[in-house]
Structure formats: C-alpha cells, structure tokens
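Peer 1: Task: produce atomic coordinates for the following.
(2 chains)
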Amino acid sequence: DGGITQSPKYLFRKEGQNVTLSCEQNLNHDAMYWYRQDPGQGLRLIYYSQIVNDFQKGDIAEGYSVSREKKESFPLTVTSAQKNPTAFYLCASSGSLNQPQHFGDGTRLSIL
Amino acid sequence: RKEVEQDPGPFNVPEGATVAFNCTYSNSASQSFFWYRQDCRKEPKLLMSVYSSGNEDGRFTAQLNRASQYISLLIRDSKLSDSATYLCVVLRGDKLIFGTGTRLQVFP
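Peer 2: Model prediction:
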C-alpha cells in the first residue's frame, strides 16, 4: 500500500542527546514536510523540502535539522539545542507545494 | 491575531443533528483551502478541499467566502463516528497554515 511511514512511534530523549525521527514515503511525492503539534495548538512547520537535496526552514526550525538525500526519505534530527522537544511530530508529503498534504501517523517525543 | 482562527468548541450534538463550523483567515493572498479531520492522538487526514463555488461530499458541504475571508463546513445527519477535531487549513504561498481545530462530540 502507498503511504507515509514514520518511526519510531514513541521516542524518549535524554538531556544533551540528539535524536533522529524517520519519515519514508512511497507515494512518489516531490514535497515533504515536518510539523510539530503541541496540545491546544495548531501544527507548526519545522522544515520542508520541494525536491531532493533541497530544503527550507519553516516557522520553528531552530534546534532541528533535516536532510533530503533521497526522494522517499526526509529524516528529522532533534538536536540538544531544542530545549522543549516534547511534542507530537508529524511528517507529510504532497505531489507539489500547492497540493493537499498527506500525513504519517506521527512520532511522540518525550524527555527522560 | 492568528492567521487562521477557529472556535475551539467543543460542539456537543446528538446523532442526526446538523452542525456547522466556521473558520476565518486574515491573509487575502491565501490561495487554497482545506478541511482536515484529526482523531485524538492521531494524524490529520484530508476531509475535503474547499472550492470557490462550494462543494459537497456526501453529508459534508464546504463553502468559501473570499470577500469575507471565511470558510465553512456543514455536517448533516451527524454520526457518532464524526466525533473528532476539524482543522481549517489555508495555503499561502508555499506553506499550509493550520487552525487549532474545532472539536466535535456527537452523542447517542
């Protein structure tokens, strides 16, 4: 089945540790996105990528990094510089930037 | 002021009722509009796009009023399974802007 796969479903981070969230899609979509959702708030854009080897910062990129070496994959690293990483992280993809986005089922990140 | 504003609810309605949500957006340059549904602790799922002429998908009707900068979603004959949070989403430039959602609870 075509879709977006995020892993792991739950992740715990220790102080000073970098962690990487995986996002893979087999929809042949060019555009991929990372969002963060906090309770009572809308989704906020962290990073997005229109094509392989290119990505742009979203509204809250500080403390995060991404790479887009393959069309299918868009991993997100939450660095130790992100002081409040506890959130629900959602990866999405779309055929192009102006098309509706489809989401993976998310990763919940917590601090130990 | 938030770029996309929704009443957070909750809207508590009985099965079979008709319920409507509104959403306002502040940037007149917004190009496309969508409604997403999000169940508790799950990912958002696209419910429907919103077209200028209005569009219907089964029990769901979406409308857009560009002059007043608002979007609406009407749900007829509510089902228990409609209970969820409904997100109003606006495309501006190359970014989607999400509202915080309106919570709907349908009771028997």
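Peer 1: ok, which residues in chain A are in contact with chain B?
Peer 2: Counting by C-beta under 8 Å from any C-beta of the partner chain, the residues of chain A close to chain B are A:33, A:35, A:40-45, A:48, A:50, A:58, A:88, A:90, A:97-98, A:100-106. Any C-beta I mention is one placed from the backbone N, CA and C, and that applies to glycine too.
Peer 1: Using PyMOL, make a named selection holding only the buried ones among these.
Peer 2: Entered in PyMOL, the line below selects the buried ones among these, by 16 or more other C-beta atoms under 10 Å in any protein chain shown:
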select buried, chain A and resi 33+35+42+43+44+45+48+58+88+90+97+100+101+102+103+104+106
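Peer 1: how about B:Gly99, what does it touch?
Peer 2: A:Gly42, B:Lys2, B:Val4, B:Glu5, B:Gln6, B:Cys23, B:Leu87, B:Cys88, B:Val89 (C-beta atoms under 8 Å, 6 or more residues apart in numbering or on different chains).
Peer 1: Give the rounded mean pLDDT of the helix or strand hosting the last one.
Peer 2: Using DSSP states H and E, the element containing B:Val89 is strand B:84-92. For strand B:84-92, mean pLDDT is 94.
Peer 1: Following element in sequence after it, please.
Peer 2: Per DSSP H and E, strand B:84-92 leads on to strand B:95-98 as the next helix or strand towards the C-terminus.
Peer 1: related to what we said a few turns ago, now tell me what touches the strand holding B:Val89 from outside.
Peer 2: A:42-43, A:98, B:3-4, B:6, B:21, B:23, B:25, B:27, B:29-40, B:44, B:47, B:71, B:73, B:96-104.
Peer 1: Of these, which belong to strands?
Peer 2: With strands defined by DSSP state E, the entries of those inside them are B:4, B:6, B:21, B:23, B:25, B:32-38, B:44, B:47, B:71, B:73, B:96-98, B:102-104.
Peer 1: Check the residues you listed for burial and list the buried ones.
Peer 2: Buried residues within the ones in strands among the contacts of strand B:84-92, defined by neighbour count using 16+ other C-beta under 10 Å: B:4, B:6, B:21, B:23, B:25, B:32-38, B:44, B:47, B:71, B:73, B:96-98, B:102-104.
Peer 1: near chain A, which of those residues show up?
Peer 2: B:Val4, B:Ser32, B:Phe34, B:Pro44, B:Leu96, B:Ile97, B:Phe98.
Peer 1: among those residues, which two are most distant?
Peer 2: Greatest spatial distance among those (C-beta to C-beta): B:Ser32 and B:Pro44, at 15.7 Å.
Peer 1: before we move on, the earlier item: from the residues of chain A next to chain B, which land in strands?
Peer 2: In this view, these that belong to strands under DSSP E are A:Tyr33, A:Tyr35, A:Arg44, A:Leu45, A:Tyr48, A:Phe88, A:Leu90, A:His102, A:Phe103.
Peer 1: Make CSV out of those residues and add pLDDT and distance to A:Thr77.
Peer 2: Output for these, formatted as CSV (pLDDT from 0 to 100; distance: C-beta to C-beta, whole Å):
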residue, pLDDT, distance to A:Thr77
A:Tyr33, 96, 15
A:Tyr35, 97, 15
A:Arg44, 94, 17
A:Leu45, 95, 16
A:Tyr48, 96, 15
A:Phe88, 96, 17
A:Leu90, 97, 16
A:His102, 93, 23
A:Phe103, 96, 20
